[in-house]
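Chemist: test case, fold it:
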Amino acid sequence: MHTIHGWAGLRLAGLALAFGLVAPSAFADEIETDVDETVVDEIATTQVLEPVAAEPVPASPLMRFSTAGTFGDTAKVTNGNLLNYNGIIQQTVRTPSNISLGEFQVLPDLGANVSTTYEDMPFTIALTVGEVNGQAPSPNDTPIFIDGVLNGVITGETQSSVTATFNLDPDNLPTFQVGDFIAKITKIDPVDIAPFTTNGGRTSIQGRIEAVQIPEPASIAVFLVALAGGLGLRRRALAHKAA
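Modeler: Predicted structure coming up:
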């Protein structure tokens, strides 16, 4: 039988156990009967270290995403809604980056030249990530939903004071997991919506997205230290029992 000596043997044993190649009891028995006494004493006095949590690492994944939007209670609009929401379809961004979440568009009023008033009219934007670094992410916490309200007045095709504001809590920003990354919408600027005669009534919604790499599990080195300490304690207990 090939004898396992010293820390090299423990590394092999630890790797085998970590990847499920052999049963833990088989390695424990072999090491107990073959490891030199000097090595056992060294192992028995080894302090088992607690794993240290890894810090999240800023990351730059390439995300392909889409957005869609809906308006809420139109009863909060006088003289009918003149706004559309145009979403993003399969666009890409590499984090961290500023990002477009779509646009509001004021529709023509067909010459009526009346005023349309918005008072805390709710709306919701849904963001869905379809790919991360060219692959469908798993898990995928999207779509996420971002709420806001509209306030102001549109008069005819040439005037608008409507502003869209978003309900973002700085302590609870929209956060989601996509694959091996945690992404977060860190900012969405209020949107001052232009009238129809400016850029066809289109006003972009701008924000910012960031991501971090999910920390890896505890390293094999920490696992081996714990394994060594456990084997040493068991060996010593057996020795006392036999005495």
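Chemist: bridging residues for Thr116?
Modeler: Assessed by DSSP bridges, Thr116 has beta-bridge partners Ile154.
Chemist: so what's Ile89 up against?
Modeler: Contact partners of Ile89, counting by Cβ atoms under 8 Å, 6 or more residues apart in numbering, are Ser66. Where you see a C-beta, it was placed from the backbone N, CA and C, and this is true even at glycine.
Chemist: again, only this time at 10 Å
Modeler: Taking Cβ atoms under 10 Å, 6 or more residues apart in numbering, we find Ile89 in contact with 65-68, 102.
Chemist: before we move on, which element is it in?
Modeler: Using DSSP states H and E, Ile89 sits in no helix or strand.
Chemist: before we move on, what about the one 10 residues further on?
Modeler: Element membership of Ile99 [criterion: DSSP H and E] is strand 97-106.
Chemist: mind checking which of the contacts of Ile89 are in strands?
Modeler: Among those, DSSP state E puts 65-68, 102 in strands.
Chemist: quick one: end-to-end distance for stretch 111-120.
Modeler: 26 Å (Cα to Cα, to the nearest Å).
Chemist: list the buried ones in that stretch?
Modeler: Neighbour counts over stretch 111-120 (16 or more other Cβ atoms under 10 Å) mark 116-118 as buried.
Chemist: cool, stretch 165-172 as well?
Modeler: 166, 168.
Chemist: list of residues touching that stretch?
Modeler: 101, 120, 122-125, 146-151, 174, 185-191, 205, 207.
Chemist: 6 Å instead, please
Modeler: 147-148, 188, 190 (Cβ atoms under 6 Å, 6 or more residues apart in numbering).
Chemist: end to end, how far does that stretch reach?
Modeler: Span of stretch 165-172 from end to end, Cα to Cα: 16 Å.
Chemist: could you give me the average pLDDT of it?
Modeler: Mean per-residue pLDDT for stretch 165-172: 92.
Chemist: next, Gln213: phi, psi?
Modeler: The phi/psi pair for Gln213 (degrees, to the nearest 10) reads phi -80, psi 130.
Chemist: coming back round to it: list just the nearest of the contacts of stretch 165-172 to Leu83.
Modeler: Gly148 (12.2 Å; Cβ to Cβ).
Chemist: what sits against that closest one?
Modeler: Gly148 neighbours (Cβ under 6 Å, 6+ apart): 123, 164-167.
Chemist: in CSV, list those along with distance to Thr197 and secondary structure.
Modeler: Shown next, in CSV, are those (distance: Cβ to Cβ, whole Å; DSSP: H, G, I helix; E, B strand; the rest coil):
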residue, distance to Thr197, secondary structure
Phe123, 23, strand
Ala164, 19, strand
Thr165, 24, strand
Phe166, 26, strand
Asn167, 30, coil
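Chemist: need those residues in a markdown table (columns: distance to Ala211).
Modeler: Output for these, formatted as a markdown table (distance: Cβ to Cβ, whole Å):
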| residue | distance to Ala211 |
| --- | --- |
| Phe123 | 26 |
| Ala164 | 25 |
| Thr165 | 25 |
| Phe166 | 20 |
| Asn167 | 22 |
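Chemist: buried ones in stretch 191-209?
Modeler: 191, 193-196, 201, 203, 205, 207, 209.
Chemist: fine by me, we can end here.
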